[in-house]
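In: what's the 3D shape of this:
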Amino acid sequence: MSSEANKGTVRLGIFVVMHIAMLVSSLSGVLAKFAAFQPMFSLSFFLFYGGELALIFLYAIVWQQVLKRLPLTVAYSNRPVSLAWGLIWGQLFFHESITWNKLLGAAVIFVGIYLMVSKDE
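Out: Predicted structure coming up:
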């Protein structure tokens with residue numbers, strides 16, 4: 001396998017890991033919302049909240065490794081994917097509707113991040 005093909009495979013692997021990490025990060029919000037529905041200081045509250053903290057900790061470690069291998073602008077331009085996951089999780093777990101206002105808000109954030117990371121190019 002050529003060195004160039006190997007670099008492409010490694011870069012694709014980093015992108016896959018980064019997107020899995022963002023999926024995990026978005027699930028921490030789901031656990032936080034489940035924790036909010038529990039009685040304060042109950043076992044279920046601590047389990048959901050502890051799970052949220054564990055996912056955030058895992059995400060932070062993986063994110064640092066991604067940043068070692070990708071430029072910040074490239075990594076950060078992929079962050080809005082978490083917004084899409086948040087909309088999906090809200091619909092699946094909490095039966096929240098995906099409205100045009102939510103889609104428009106997500107689009108504004110996507111465009112804003114794109115403008116910020118492409119500003120220097």
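In: Tell me which residues are up against stretch 23-30.
Out: Residues from elsewhere that reach stretch 23-30, judged by C-beta atoms under 8 Å, 6 or more residues apart in numbering: Gly51, Glu52, Leu55, Ile56, Leu58, Tyr59, Val62, Ser82, Trp85, Gly86, Trp89, Phe93. For glycine as for every other residue, the C-beta is placed from the backbone atoms N, C-alpha and C.
In: any chance of those residues in TSV, plus secondary structure?
Out: Output for those, formatted as TSV (DSSP: H, G, I helix; E, B strand; the rest coil):
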residue	secondary structure
Gly51	helix
Glu52	helix
Leu55	helix
Ile56	helix
Leu58	helix
Tyr59	helix
Val62	helix
Ser82	helix
Trp85	helix
Gly86	helix
Trp89	helix
Phe93	helix
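In: Produce a ChimeraX select command limited to the buried residues of the residues you listed.
Out: What follows is the ChimeraX syntax selecting those of the contacts of stretch 23-30 that are buried according to 16 or more other C-beta atoms under 10 Å:
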select :51,52,55,56,59,62,82,85,86,89
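In: now, among the contacts of stretch 23-30, which is nearest to Leu12?
Out: The closest of the contacts of stretch 23-30 to Leu12 turns out to be Val62 (C-beta to C-beta; 16.1 Å).
In: All good on my end, thank you.
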